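**Student:** any chance you can model this:
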Amino acid sequence: MSWLILLLAGLFEVAWAIGLKYTDGFSRPLPTLLTVAAMLVSIGLLGLAMKELPLGTAYAIWTGIGAVGTVIAGILLFGESLAPLRLCSVLLIVCGLIGLKLAH
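**Tutor:** Okay, here's the model as predicted:
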């Protein structure tokens, strides 16, 4: 169950990262409120997951899910670069996440 909670925490991290783009420097109230709510949920879920998962593993996977998810969202929502080196770098992060999960 902790792994599922950690996955959800990572997805909420992606949500708040995307939300930051829409807050326009925290000048738009609704996107700002939703972004802050996503931040709180993400950190709360991370804390719950860490009750059973090692700190280093949980934090690294949380940030990895956030990083990879945010890159994918940037590509899909904002037309960000699909440069091969960028995609290979994201693949390396994914490999690291899989390695952490397998080493747990």
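**Student:** residues in contact with the helix or strand containing residue 58: which ones?
**Tutor:** Per DSSP states H and E: residue 58 is located in helix 55-78. For helix 55-78, contacts defined as CB atoms under 8 Å, 6 or more residues apart in numbering pick out 2, 6-7, 9-11, 13-14, 17-18, 21, 42, 46, 49-50, 80-82, 86, 90, 93-94, 96-97, 100-101, 103-104. C-beta here means a position set from N, CA and C on the backbone, and glycine is covered the same way.
**Student:** what subset of those residues is buried?
**Tutor:** Buried members of the contacts of helix 55-78, scored by 16 or more other CB atoms under 10 Å, are 6, 9-11, 13-14, 17-18, 42, 46, 49-50, 90, 93, 97, 100.
**Student:** taking these one by one, which sit in helices?
**Tutor:** 6, 9-11, 13-14, 17-18, 42, 46, 49, 90, 93, 97, 100 (DSSP state H).
**Student:** report back the residue of the protein that's furthest from centre.
**Tutor:** residue 27 (23.1 Å; CA atoms, centre = their mean).
**Student:** for residue 53, which three-state class applies?
**Tutor:** coil (DSSP: H, G, I helix; E, B strand; the rest coil).
**Student:** that one - how many residues pack around it?
**Tutor:** 19 (other CB atoms under 10 Å).
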